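Q: need a structure here:
(one chain, ligands or ions: 1)
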Amino acid sequence: METIEHVGKKTQSRRQFFAKVYQVGSLVTAGAILSQLLEACGQNPLTGDVMSLQTVQGTAANGMVTLTVDTNSPLSSVGSGAVVQFNGGSLLVAHTGQTAFTALSSVCTHQSCLITGFADQQFVCTCHGSKFSTGGQVTQGPARTALTSFATQFSNNVLTITL
Ligand code: FES
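A: Model prediction:
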């Protein structure tokens, strides 16, 4: 009886040992696979403070989006940026000069996440860290292609974006 119990304990102990080895091995393997996937995806973790863009409502009609930019608008000051939402989509808009604005596609050219961040006068895709200038050019990958840009016109506090 003693021998059987002893053997039984030993067997159980070996099982536990190998189970732990297997678990650790699995975790290491999973970590290595995740690391390779992130590398392959070109993941580029964000650093620094990224502000979430405020949303402004626009009106779409006849191939144009219009919105009022007054003193209460998140786009009122030069250097600001916002997401403009309208029936059928959204755009990134930056106030780049006294009466100058840029309007860009809000869909990241890397893997199509919606861009929602803004930091240091750049639009930031929080999915993998791509950054774009207010003119739409890539300033940090993994994205390689610029955002589509749309013509803007500003008059009497109304910004008009031609789609
Ligand atoms: S979808 Fe990957 S950085 Fe935007």
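
Q: State the pLDDT value of residue 49.
A: Looking at residue 49, its pLDDT is 85.

Q: Spell out which parts of this protein neighbour the ligand.
A: Within reach of the ligand by Cβ under 6 Å from any ligand atom, the chain has these residues: 108, 110, 111, 113, 125, 127, 128, 129, 130, 142, 143. No exception for glycine: its C-beta is placed from N, CA and C like everyone else's.

Q: ChimeraX command for the buried members of the residues you listed?
A: To isolate the buried members of the residues of the chain next to the ligand in ChimeraX, using 16 or more other Cβ atoms under 10 Å:
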select :108,110,125,127,128,129,130,142,143
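
Q: and the residues of the chain next to the ligand, which of them are in strands?
A: Among those, no member falls in strands (DSSP state E).

Q: ok, the residues of the chain next to the ligand vs residue 76, which is closest?
A: residue 125 (24.8 Å; Cβ to Cβ).

Q: how close does that closest one get to residue 105?
A: The spacing between residue 125 and residue 105, counted by Cβ to Cβ, to the nearest Å, is 12 Å.

Q: So residue 83: helix, strand or coil?
A: Here residue 83 is strand, with the state taken from DSSP: H, G, I helix; E, B strand; the rest coil.

Q: So what sits opposite it in the bridge?
A: For residue 83, the beta-bridge assignment (DSSP bridges) gives partners residue 55, residue 92.

Q: From the ligand, how far off is it?
A: 15 Å (Cβ to the nearest ligand atom, to the nearest Å).

Q: would you turn the residues of the chain next to the ligand into a markdown table with pLDDT?
A: Shown next, in a markdown table, are the residues of the chain next to the ligand (pLDDT from 0 to 100):
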| residue | pLDDT |
| --- | --- |
| 108 | 98 |
| 110 | 98 |
| 111 | 98 |
| 113 | 98 |
| 125 | 98 |
| 127 | 97 |
| 128 | 97 |
| 129 | 96 |
| 130 | 98 |
| 142 | 97 |
| 143 | 98 |
